[in-house]
Structures are given as structure tokens and as C-alpha cells.
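>>> what's the 3D shape of this:
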Amino acid sequence: MNPVIGLDISKEESHGQAFLDRGKPYKKTFHFAHTQEGLEKLLQAIRDVEVVSGKRPTLILEATGHYQSPVVQFLEEHHFLFIVINPLISNRLRKSNLRKVKTDAADAYLLGELYYREEFEPFKKRGVQLLNLRYLTRQYEAFSKMCVQTKLQFQAVLDQVFPAYKGVFGAMYSSVSLRFLYEFPTSYSVIQTDSTMLKSKISLLLSSKRGRSEDWMNERVQRLLDAAKQNPFQQTMYASHFINLKILITLILQYQEHLAELDQNIDALAKEIEEYDLIQSIPGIGHKIAATILSEIGEIDRFDHPKKLVAFAGIDPSVFASGKFTATRNRITKRGSRQLRYALVMAVQCGLIRSRNTRIKEFYDHKRAEGKPHKVALVACANKLVHWLYAILKSKKSFRPD
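The predicted structure is shown next:
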């Protein structure tokens, strides 16, 4: 016998269907909650199948993001063999059926049948470090996007309150710039304050970070006074602008603090992984990109060929042919890890800046000389980069630029 249990994972509960062998379902579909009591029910169902079949069953489930976490952790703790598949695979089988049925019980049954039709590799544990690193890098990306959106809203309000303020401190979103604007949001408040007091306030805001020269602070005060005099909005009639401005400044400062803390944690966790420094031997890959690439790839042993890693990144070209027609313009599939795909393109772009990565620059120029558009050449470079990464992670040797 070759027993298997198909698990359809949902948000708070899941359904399962056991099979003793191909075409031999065992009992009816069962369901269990993602609680301690519910997981004990799953354990009892697994043991029942083991007693009847004489073999410990394999479990098969779809990748469902964080919803699967309690079930996967439970299976790992009890050392069960399980398979996590891409939902695209099960969806393909679902569409091949003549009847259109989409229920949790039907999905659990379908996963069990799929096990006997395809050859899958058991889930290989990536390790706590890699999983933690992946969660942190994805959280960093999410916070970065929220911070960018908040900055855009802040800019829109600032344009209606104090547009000439932009060049006062150089770095608009530095801590001293945002905190000063929080206390002096209008030209009127700046003009009514003595220059000595303005200088003292700037110095006070800088004290927690680092000191600046007298000339630097005098220049900033003069810039501030000039900007206040040039500002067309000496006083605004909309008090709501000041409320929004202060809220947005507070949010940006909080995002910057959280991002800095995440950055430190990502770097500290990644340094414990041997491949972290090896990946950074490729010019253009810094610590943030290296951490993202490493966490998204996981264990390189999951891929027995670099082309499979290319497909996992979703940068392999799609293929369309029907009859005598064969498409000549094929887009990339984008069916893999979006985070890995973005990190690879960023690594290529960083390598192209000032020709940091000479091999990538030569390959990019070669593709452009062939008449390839910029984005097509970038994807081709990302494809080549994946092959380099695969070789580095397999051999545990640094990148050789020549």
C-alpha cells in the first residue's frame, strides 16, 4: 500500500481526505480546526491510516502562505513526511475535470489523487534561520512600500503649506528636517522666531545624533529664513493641513525607526549563514539584496538544475505554439517568487551602475547590440545571474569576476 492524506488548508480550519492506495479512499472527508484540539484530531486520523495500511502516510497540501504555518509546524514536530505543492499544479488538474466543483472537501480529495499522478519531492526543511530571514526581508519590503506611500502623501500636503522648505536641510526626510518641520510647519512661525532661537533648536535636534559645525547651522538658518520669505503660503486657511502634516511626519519617523531595526536584525541573522558572504562576492549585490535572495531560494538542494531555479524566480520565457503558429514574442512567466525576481533585477541594475559588475555590463551591452530592448536585456542578465548564484551556492565558492 502507498497511503496518502490530502489536506486542503484554509484560514482557521482544514479538510483532509485519506487514501490507502491509488483509487482507494479511506473513510469520508474529515475537517479539523487549527487549534491544539483540532491538530490532535488530525494526528488521530493519521494514526488510523497508519494502522490500517501498515505504513505511515505521506501528507500533501498546497502552499497557502501563513495559513499553513500551524499545520506544517505540527507535522514537522511529529516528523511526518509531507509535500507542499504550488497551487498552479492542483488548479491545472481541477480544470481538467468536466464537472466544475470547488469545495474544501473536493480539494482535499483532488490533492490525494494528484499524489498518485505526479512525482513530487518531499518538503525539505529550510531551517529556522532561513525562514526567519525570509519573514524579516518580506516585512522590510512591506514597511518600505508603506513608507513610500506616506512620503507621497506628506509631499502633497507640504506643497500646500511650505513648498520652499524642500531644500533647507538637503535631505528632506532626515530626522532633523522632519522634527524641525513638526515644530515649525509655517513660514510665519519661522519668521516670528529669532535666528538665535532657530539655531538653538536645530542644535538641540542634532544632539541625539551627531554634532555639526557652526557654519553648517548658520547656513541652514539662513536657508530657512530665505525659504520662509519666498513661501507663497505665509498662513494657510486650512487647519487640517497642519494636522495631516504632523501625523504624516510622525508616521514617517516611526517607519524609519522600524526599518532601521529590521535592517540590523536582517544583517545579524544573515551573517550566521555561510552563503551570505559568498553571494555578496558578486559585484552589485549588497547585504539587503543578498539576504532577500538567500531567504527566497532557501536550500539550494531543492533545485537539481539552474533552469529550475530560473523558473522558481519566474524569469523563464513563456512558450506558446498551436498548429503552425509559434509565438515569437514571449513574456516571462512571473510564476515564481516575486521577491526573488525583484531582488535579481535590482542586483543587475546595481551591477550596471558605473560598470561595477564588468561581466554583467558586457553581457548587457551584447544584448543591446543585438537589438534587444532595455527590459529584455535586464531579464537576460538576471537569468545569467541566477546561473552564477546556483554555481556559488552549490560549490560554496566565491564569485570570480574574470
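
>>> quick one, strands of the protein?
Assigned by DSSP state E, the chain shows strands spanning 4-9, 13-21, 24-33, 58-62, 82-85, 321-322, 325-326.

>>> Figure out which of these is closest to residue 345.
Shortest distance between residue 345 and these, using CB to CB, is found for strand 82-85: 26.3 Å. Where C-beta positions appear, they are placed from N, C-alpha and C, glycine not excepted.

>>> by contact count, what packs against that closest one?
Judged by 3 or more CB pairs under 8 Å, 6 or more residues apart in numbering; DSSP states H and E, strand 82-85 is in contact with strand 58-62, helix 69-77, helix 104-117.

>>> run the last query once more with 7 Å
strand 58-62 (3 or more CB pairs under 7 Å, 6 or more residues apart in numbering; DSSP states H and E).

>>> Can you show me the CA trace of the strand it packs on as PDB?
Output of strand 58-62 as PDB, limited to C-alpha atoms (Å, rounded to 0.1, in the frame of the first residue of the first chain):
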ATOM      1  CA  THR A  58       2.500  10.900   3.300                       C
ATOM      2  CA  LEU A  59       0.600  14.200   3.500                       C
ATOM      3  CA  ILE A  60       0.200  16.600   0.600                       C
ATOM      4  CA  LEU A  61      -1.000  20.200   0.700                       C
ATOM      5  CA  GLU A  62      -1.000  23.400  -1.300                       C
END
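
>>> Could you find the closest non-adjacent residue to residue 380?
Of all residues not flanking residue 380 in the chain, residue 367 sits nearest, at 5.2 Å (CB to CB, 6 or more residues apart in numbering).

>>> Same question for residue 137.
residue 292 (4.6 Å).

>>> which residues touch the one you found?
Contacts for residue 292 were tallied using CB atoms under 7 Å, 6 or more residues apart in numbering; they are 137, 339, 343.

>>> give the contact list for the first one.
Which is residue 137. Contacts for residue 137 were tallied using CB under 7 Å, 6+ apart; they are 266, 291-292, 295.

>>> can you do 8 Å?
Contacts for residue 137 were tallied using CB atoms under 8 Å, 6 or more residues apart in numbering; they are 266, 288, 291-292, 295-296, 339.

>>> Check the last one too.
When the contact criterion is CB under 8 Å, 6+ apart, the partners of residue 343 are 289, 292-293, 296.

>>> The second one now?
Under the criterion of CB under 8 Å, 6+ apart, the contact list for residue 339 reads 137-138, 141, 292, 296.

>>> And the furthest pair within the residues you listed?
Spatial extent of the contacts of residue 339 (CB to CB) is set by the pair 141 and 296 at 11.0 Å.

>>> quick one on the thing from earlier: please name whichever of the strands of the chain is nearest to residue 41.
Nearest of those to residue 41, taken as CB to CB: strand 24-33 at 4.4 Å.

>>> With only the CA atoms kept, save stretch 251-266 in PDB.
In PDB, the C-alpha atoms belonging to stretch 251-266 read as follows (Å, rounded to 0.1, in the frame of the first residue of the first chain):
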ATOM      1  CA  LEU A 251       4.400  58.000  10.700                       C
ATOM      2  CA  ILE A 252       7.500  58.600   8.600                       C
ATOM      3  CA  LEU A 253       9.700  58.800  11.600                       C
ATOM      4  CA  GLN A 254       8.200  55.600  13.000                       C
ATOM      5  CA  TYR A 255       8.700  53.800   9.700                       C
ATOM      6  CA  GLN A 256      12.300  54.900   9.600                       C
ATOM      7  CA  GLU A 257      12.900  53.600  13.100                       C
ATOM      8  CA  HIS A 258      11.200  50.200  12.300                       C
ATOM      9  CA  LEU A 259      13.100  49.900   9.100                       C
ATOM     10  CA  ALA A 260      16.400  50.600  10.800                       C
ATOM     11  CA  GLU A 261      15.700  48.000  13.400                       C
ATOM     12  CA  LEU A 262      14.700  45.400  10.800                       C
ATOM     13  CA  ASP A 263      17.800  46.200   8.800                       C
ATOM     14  CA  GLN A 264      20.000  45.400  11.900                       C
ATOM     15  CA  ASN A 265      18.100  42.200  12.600                       C
ATOM     16  CA  ILE A 266      18.300  41.000   9.000                       C
END
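
>>> so how far is it off the chain centroid?
Relative to its parent chain, stretch 251-266 has a centroid offset of 16 Å by CA atoms, centre = their mean, to the nearest Å.

>>> can you check stretch 221-233 too?
In terms of CA atoms, centre = their mean, the centre of stretch 221-233 is set 41 Å apart from its chain centre.

>>> if we can go back for a sec, sort out which one of the contacts of residue 292 lies nearest residue 372 for me.
When the contacts of residue 292 are ranked by distance to residue 372 (CB to CB), residue 343 comes first, at 21.9 Å.

>>> How about that closest one, nearest residue that isn't a chain neighbour?
Residue nearest to residue 343 in three dimensions, not counting chain neighbours: residue 292, with 4.2 Å by CB to CB, 6+ apart.

>>> Quick check: beta-bridge partners of residue 30?
Here residue 30 sits in beta bridges with residue 16, as judged by DSSP bridges.

>>> That one is in contact with residue 15, isn't it?
Yes - contact criterion CB atoms under 8 Å: residue 30 and residue 15 qualify, at 7.1 Å.

>>> More neighbours: which of the two?
Between residue 30 and residue 15, counted using other CB atoms under 10 Å, residue 15 has the larger neighbour count: 21 against 18.

>>> Give me the pLDDT for that one.
At residue 15, the model reports a pLDDT of 91.

>>> With the one 4 residues further on instead?
Here, the pLDDT recorded for residue 19 equals 92.

>>> Count residues in the vicinity of it, would you?
Residues lying near residue 19 (other CB under 10 Å) number 25.

>>> So residue 235 sits against residue 191, correct?
No - using CB under 8 Å as the test, residue 235 is too far from residue 191 to be in contact (10.8 Å).
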